[in-house]
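S.K.: okay, here's the prediction I keep looking at, along with the sequence it came from:
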Amino acid sequence: MNKFRRSKRVLLLVLVLSATVLFIQPAAADPPYLFNRTDKLSDSYPGDTATNVIGFQIGYTTAMLGSIEIQFCSNSPLIAEPCTSPVGFDASGALLSNQIGNTGFSISNLSSTNAIILTRTPVAGNNDNNTYQLDNIVNPTTLGTYYVRLTIYPTTDASGAYTIAGGIALSTISRLTINSIVPPYLLFCSAIVIVDHNCADATGNYVNLGSFNQNQTSSGISEFTVATNAQYGFSVTIDGDTLRSGINPIPALSSPTVSLIGDSQFGLNLQTNSVPPVGADPFGADATGTIASNYDVPNQFMFNSGNVVLASVAPSGFETYTVSYIANVNSNQPPGFYVTTISFICLANF
């Protein structure tokens, strides 16, 4: 009976000791961590020189604050582990250009290639949000993750026991390259009527000059629209023949000439005319086209197949031009049905 009771007492003693160990374990925990830890990099490309804006909140207001160690490690953010400097990383030329929160710091001459020590005369820290802008830091030259360790000390030289700490993970990344192509374009059409430079709304391809009469000038118009992003602009050329009926032509004007009633002549220009009253001024926006001098004089007409009638030396916005045609005949002009086909050819200069 007595032996049984002694065994029971030993069991109770073990339970009490075990409970005591559980209560005292939290007292051996590490110091508290910094809150809201950030490092905003101005450039995360490997090997580039960047600005690091370090941010954190201390979370207490009574402990003395004399120095902050900012250590850059390739292997771990944990304070208890050895720190391996990231390959190519260099903070030896770092500059403290701005500080907010707990201020009054300067960079200690105890700083190294991968560790920056901010130092000041020790005073009680506050619970402000802190930011420290560090310029002229060279990123690691390898791609991937590396870490910042932040450690707060009451001493001025980051020596002795620290009071609070925390870690941040960063990464160097490849640059994102965005490519886009602006395709070359030339928009051109010819018709009797083109509405608002829109070739889809262009209508007609037949200019009817009516019945020729030796006592009056016959006239008509057509239009063409052009636009391009060609670096060196464009040119518009006319191609075709004068009016003919079988073997009988109406002579084309080989140089700018006024319309003469009673003379056989055929020509065109790109101007507003009063004799006869036919044509219209070009219209459009951001246009760079220039009418060729032989086709740019009001009331003077000519026609030479192969002539450039309009040209530009730069990209051009939409512009619509009016082509004015005139025909006169003399009393000896043979009767017949006179016709021609004229083409306008536009080439862009890329």
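M.R.: Thanks, I have the structure now.

S.K.: domain assignment for this protein?
M.R.: The chain breaks down into these domains under automatic domain parsing: 30-172, 186-348.

S.K.: and these, which one is worst for confidence?
M.R.: Ranked by mean pLDDT, these bottom out at domain 30-172, with a mean of 93.

S.K.: burial count for Q99?
M.R.: The local packing of Q99 (other Cβ atoms under 10 Å) involves 18 other residues. C-beta coordinates here come from the backbone N, C-alpha and C atoms, glycine included.

S.K.: in CSV: the domains of the chain, plus distance to S180.
M.R.: Listed next are the domains of the chain as CSV, based on distance: least, Cβ to Cβ, whole Å:
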stretch, distance to S180
domain 30-172, 21
domain 186-348, 14
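
S.K.: closest to I178 out of the ones you listed?
M.R.: Counting by Cβ to Cβ, I178 lies closest to domain 30-172 out of these; the figure is 15.0 Å.

S.K.: which one is S174 nearest to, not counting chain neighbours?
M.R.: Closest residue to S174 apart from its sequence neighbours, by Cβ to Cβ, 6 or more residues apart in numbering: L143 at 6.5 Å.

S.K.: got the contact list for that neighbour?
M.R.: 46, 172-174 (Cβ atoms under 8 Å, 6 or more residues apart in numbering).

S.K.: quick check, pLDDT for R175.
M.R.: 81.

S.K.: wait, isn't it in contact with Y45?
M.R.: Yes. Counting by Cβ atoms under 8 Å, R175 touches Y45, with 5.5 Å between them.

S.K.: which one of the two is surrounded by more residues?
M.R.: Neighbours per residue, other Cβ under 10 Å: of R175 and Y45, the larger number sits with Y45, 13 against 10.

S.K.: where's the more buried one relative to T341, distance?
M.R.: Using Cβ to Cβ, to the nearest Å, Y45 is found at 62 Å from T341.

S.K.: what about L96, which SS state?
M.R.: strand (DSSP: H, G, I helix; E, B strand; the rest coil).

S.K.: which residue packs closest to it, ignoring adjacent ones?
M.R.: Nearest to L96 is I107, by Cβ to Cβ, 6+ apart, at 5.3 Å.

S.K.: again, but for A63
M.R.: Nearest residue to A63, sequence neighbours excluded (Cβ to Cβ, 6+ apart): T163, at 4.8 Å.

S.K.: what about A327, helix or strand, and which?
M.R.: strand 316-328 (DSSP states H and E).

S.K.: helices or strands next to that strand in the packing?
M.R.: Under the contact definition 3 or more Cβ pairs under 8 Å, 6 or more residues apart in numbering; DSSP states H and E, strand 316-328 sits against strand 218-228, strand 265-269, strand 283-284.

S.K.: the last one: what's the following helix or strand?
M.R.: Sequence-wise, the next helix or strand downstream of strand 283-284 (DSSP H and E) is strand 290-291.

S.K.: that following strand pairs with which strands, and in what direction?
M.R.: Sheet pairing for strand 290-291, assigned by DSSP bridges, gives strand 308-311 (antiparallel).

S.K.: what is the burial count for the nearest residue to Y321 once chain neighbours are set aside?
M.R.: Once flanking residues are discounted, Y321 sits nearest to P282: 4.8 Å by Cβ to Cβ, 6+ apart. Neighbour count for P282, taken as other Cβ under 10 Å: 16.

S.K.: list the contacts of P282.
M.R.: 270, 289, 291, 319-322.

S.K.: P86 touches Y146, doesn't it?
M.R.: Yes. With contacts counted by Cβ under 8 Å, P86 reaches Y146, the gap being 4.5 Å.

S.K.: any shared contact partners between these two?
M.R.: 72-74, 140.

S.K.: closest one to T131 out of the residues you listed, please.
M.R.: Distances from T131 to the shared contacts of P86 and Y146, taken by Cβ to Cβ, are shortest for F72, at 17.4 Å.

S.K.: and the closest one, that one's in a helix?
M.R.: No. Under three-state DSSP, F72 falls outside any helix and is assigned strand.

S.K.: and it, how far from V148?
M.R.: F72 is 6 Å from V148, by Cβ to Cβ.

S.K.: more neighbours: which of those two?
M.R.: When neighbours are counted by other Cβ under 10 Å, F72 comes out ahead of the other of F72 and V148, with 27 against 21.

S.K.: for the more buried one, what are its contacts?
M.R.: So F72 contacts 83, 85-86, 89, 91, 114-115, 146-149 (Cβ under 8 Å, 6+ apart).
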